[in-house]
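Undergrad: Starting from these lines, generate the structure:
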Amino acid sequence: MNIDRSWRAAARGLFLSAIVVLLSACATPRYEIQAPTGTTVPCNAATSGGPCQVKAQVAWVGASLHPVPELWLDGVVVPNALTPATGNVVGTLPMAPGPHAVVVTGVLSDGWSFKSYSATSNFTVLPPPPPTMPTGGLTLTTPVAALLVERTKSVTVPITITRTAPFAGAVTVTVAGLPMGATASPLTIGPMQTGGSLVLSAPASVGFGKSSLTLSGSAGPTGPSDTAPLSLTVGRATGPLIEANPTPYASTLPSTVTSRSGTFRVEISTGAPSLPQPRKARFFRGTQPLGNEIGFALGPVSTLGGAGFCDDTAAGALTRGVVLTGMPAGFASQNVFTFVDMANPHALRQVPANMQSSAPAPHVFQPRVFFSADCSIALVASVNTLGPQNHLVQVFDMMTGSPIGSEIPFDTPIFSALVKTTGTTQQVEVKVDTGAANAQVVNRAVP
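TA: As a prediction, the model looks like this:
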C-alpha cells in the first residue's frame, strides 16, 4: 500500500512539471523594465547637490538561468545593480539629470531551450527642483487708523516697514479704495529704510464722505507682502462762515449782477403788469438758464433788494446764488430772502423778515446769509415770527439742501459761525448772543 501511494505522488509531480513546461513553452520569454519608464523621470536626490537616485525594477517571463539579469546604464554594465525580490528584482541607480538608457540582458528559457533576451528603457532624468529658500517677511503699520482731508488739500500718512530676515529688499506701498478723483503719491521704501510717507490728495472733484482704504506693502510677485486698513474722510473747508453781501439792484431795469468768476449772473427785469410781483429775477450759467424765474416786489426799504453769490474763486469752491428781494405779494412791510442752489438749480429756502411785535416800535430784521469757504455750508439768519426770542439761525448743507439740525433762537443781532475739525469729525460751531448773559455755543455735526 505504501508503494502504491509513493507511485501516485511521483506521477502527480511529473504531471505538474509537465504542465509547467508546457505553459513555459506557450509563453514568450521576455524581460519587462517596470522602472524607470516613461519619457521623463523625476530626480530624487538623497542629499542636496548629490546625484539623482532612480529606482530600477525588472520582471521577466520564462525561467531565468541566473538569479538576476545584467543591467547596463548608458552602455556601461552596473555590477550588482539589482537585488532579487518576489516576482522581480529591484535596485537604485545614481545618475545625473539628462537623457539615459537602461538595458537589461539575461538568459531565459522557453521550456525547451535557453536564449539571451534584453529590454531597453530610454528616458530623461529631470533636474532636481531648486532648493526652497526662506523668503522672510515684512509688516506694514501706520500709527493712524483714520484721517480727514479737506477737499482741495492733502494729508500725509506715515508708513513703517518691519522686515523679517532674510528679506532685506525694497517695499512698494500702494493704496486701494480711494474715492473717485483722489490720488496717492508713489512710495517705495528702500532696502536701508524703515519707513516713509504717503500723500493723499483730494481735488475739488472728490465728493464729501468716508472711504475704507487698504494700504499694501509688497516686495514683488514672489516677495513678502502685508496690508493695513485706513479710514479716510473727505471733509468741508474749515474756518469762519463769511457773509454774502448782495449787490443792490440798479434803479433802472433790466439790471445784471455777475459772479466774480464771470460764470454766473442774475438778471433782474420787469415782470408782466398783470402780476402782483412786478419784478423778476433769473439765474444763468453762461447762456443756460438755471431754475425758474423768481418774482418779487421792492419793499419799503429798497436797499434790501439785491443779488449776490457765494463764488469763491479758489480751487474746489462751489458756486451758489443768493437773491435778497423786496416785498412779496400780499405783504406791506416784509422782506423775503430767497436762497438758490446754483449747482442743483432750485430755490432751497425763503425766509420772511417780519416786524417784531414785541418791540416798542416796528422793526425789520434784514435776513442775512453766510457761507463756508467752499460754499458747501450756509447759515441763514432771520426773524423769529413764532417764538419769544427775536431771531433764528439755521444751518444748511448745500450739497443736499437739507438743514443741519434744528433752528437756533437768539435775542441780540450778534452771532457768528465757523466750520471746525476734531479728529475725523467736523462741526459747525454757532455762537449767538455773544457777550450777553444768555450767550450760547451750539455745535452741529456736519454730515
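Undergrad: surely residue 397 meets residue 376?
TA: Yes. When contacts are counted by CB atoms under 8 Å, residue 397 is listed as touching residue 376 (7.3 Å). C-beta here means a position set from N, CA and C on the backbone, and glycine is covered the same way.
Undergrad: quick check: domain ranges of the protein?
TA: The record's domain split for the chain, according to automatic domain parsing, is 24-125, 137-235, 239-445.
Undergrad: Which of residue 397 and residue 376 has more residues huddled nearby?
TA: More neighbours surround residue 376 than the other of residue 397 and residue 376, with 24 against 18 (other CB atoms under 10 Å).
Undergrad: gap between that one and residue 201?
TA: For residue 376, the distance to residue 201 equals 18 Å [CB to CB, to the nearest Å].
Undergrad: Same check on residue 193?
TA: 23 Å.
Undergrad: Looking at the two, which is more packed in?
TA: Using other CB under 10 Å as the criterion, residue 193 and residue 201 rank with residue 201 on top: 17 against 11.
Undergrad: Can you list the low-confidence ranges for the stretch 101-250 of the chain?
TA: For the stretch 101-250 of the chain, the stretches flagged by pLDDT under 70 are 245-250.
Undergrad: so where do the strands sit in it?
TA: All strands of the stretch 101-250 of the chain, identified by DSSP state E, counting those that start in this stretch, fall at 114-125, 137-141, 146-150, 153-164, 171-176, 183-184, 187-189, 195-202, 209-218, 225-235, 239-240, 242-243, 247-248.
Undergrad: Just send those back as TSV, with distance to residue 30 too.
TA: Putting those into TSV (distance: least, CB to CB, whole Å) gives the following:
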stretch	distance to residue 30
strand 114-125	6
strand 137-141	57
strand 146-150	79
strand 153-164	59
strand 171-176	63
strand 183-184	72
strand 187-189	66
strand 195-202	72
strand 209-218	59
strand 225-235	58
strand 239-240	97
strand 242-243	103
strand 247-248	111
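Undergrad: I'd like to know which of those lies nearest to residue 429.
TA: Nearest to residue 429 among the strands of the stretch 101-250 of the chain is strand 239-240; the distance by CB to CB comes to 9.6 Å.
Undergrad: which helices and strands does that closest one pack with?
TA: Helices and strands touching strand 239-240, by 3 or more CB pairs under 8 Å, 6 or more residues apart in numbering; DSSP states H and E, are strand 415-422.
Undergrad: report the angle between the axes of the strand it packs on and strand 225-235?
TA: 180 degrees (axes from the mean of the first three to the mean of the last three CA atoms, to 10 degrees).
Undergrad: chain center to strand 415-422: distance?
TA: 32 Å (CA atoms, centre = their mean, to the nearest Å).
Undergrad: Dump stretch 405-419 to PDB, restricted to CA.
TA: The C-alpha trace of stretch 405-419 is given here as PDB (Å, rounded to 0.1, in the frame of the first residue of the first chain):
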ATOM      1  CA  GLY A 405     -30.000 120.300  13.000                       C
ATOM      2  CA  SER A 406     -32.900 122.500  14.200                       C
ATOM      3  CA  GLU A 407     -33.200 126.300  14.200                       C
ATOM      4  CA  ILE A 408     -31.300 128.200  16.900                       C
ATOM      5  CA  PRO A 409     -33.200 131.000  18.500                       C
ATOM      6  CA  PHE A 410     -31.400 134.100  20.000                       C
ATOM      7  CA  ASP A 411     -32.200 137.700  21.000                       C
ATOM      8  CA  THR A 412     -29.400 140.000  20.100                       C
ATOM      9  CA  PRO A 413     -28.200 140.500  16.500                       C
ATOM     10  CA  ILE A 414     -24.800 139.300  17.500                       C
ATOM     11  CA  PHE A 415     -23.800 135.900  16.200                       C
ATOM     12  CA  SER A 416     -21.000 134.100  14.300                       C
ATOM     13  CA  ALA A 417     -20.300 130.600  12.900                       C
ATOM     14  CA  LEU A 418     -17.300 128.500  11.700                       C
ATOM     15  CA  VAL A 419     -16.600 125.000  10.500                       C
END
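Undergrad: tell me how far stretch 82-98 is from the chain's mean position?
TA: Stretch 82-98 has its C-alpha centroid displaced from the chain centroid by 58 Å (CA atoms, centre = their mean).
Undergrad: which stretches of the stretch 251-400 of the chain aren't confidently modelled?
TA: For the stretch 251-400 of the chain, the stretches with pLDDT under 70 are 251-252, 272-278, 291, 296-308, 311-367, 385.
Undergrad: again, 80 this time
TA: 251-253, 255, 257-266, 270-285, 290-369, 382-390, 398-400 (pLDDT under 80).
Undergrad: If we ignore the residues flanking it in sequence, what's nearest the residue sitting nearest the centre point of the chain?
TA: The chain has residue 177 as the residue nearest its centroid, 2.4 Å off, counting by CA atoms, centre = their mean. Excluding the flanking residues, the one nearest residue 177 by CB to CB, 6 or more residues apart in numbering is residue 213, at 4.4 Å.
Undergrad: Okay, the nearest residue to residue 208 once chain neighbours are set aside and residue 205: tell me how far apart.
TA: Spatial nearest neighbour of residue 208, excluding adjacent residues (CB to CB, 6+ apart): residue 234 at 5.4 Å. Distance, residue 234 to residue 205, by CB to CB: 11 Å.
Undergrad: is it true that the residue nearest to the centre of the chain touches residue 215?
TA: No. Between residue 177 and residue 215 there is no contact, the gap being 9.5 Å when judged by CB under 8 Å.
Undergrad: hey, what's in contact with both of the two?
TA: Where contact means CB atoms under 8 Å, 6 or more residues apart in numbering, no residue is in contact with each of residue 177 and residue 215.
Undergrad: What is the neighbour count of the residue nearest to residue 208?
TA: Residues lying near residue 234 (other CB under 10 Å) number 22.
Undergrad: List the contacts of it.
TA: Residue 234 makes contact with 148-151, 179, 182, 202, 206-211 under the criterion CB under 8 Å, 6+ apart.
Undergrad: repeat that for 7 Å
TA: When contacts are counted by CB atoms under 7 Å, 6 or more residues apart in numbering, residue 234 touches 149, 151, 179, 202, 206-209.
Undergrad: got it, and residue 37?
TA: By CB under 7 Å, 6+ apart, residue 37 lies in contact with residue 121.
Undergrad: A helix includes it, no?
TA: No. Read with DSSP: H, G, I helix; E, B strand; the rest coil, residue 37 is coil and lies in no helix.
Undergrad: What separation do you get for it and residue 88?
TA: Distance, residue 37 to residue 88, by CB to CB: 13 Å.
Undergrad: hang on, the earlier thing: check whether the residue nearest to the centre of the chain really touches residue 210, as I assumed.
TA: No. The criterion here is CB atoms under 7 Å, and residue 177 misses it with residue 210 at 10.8 Å.
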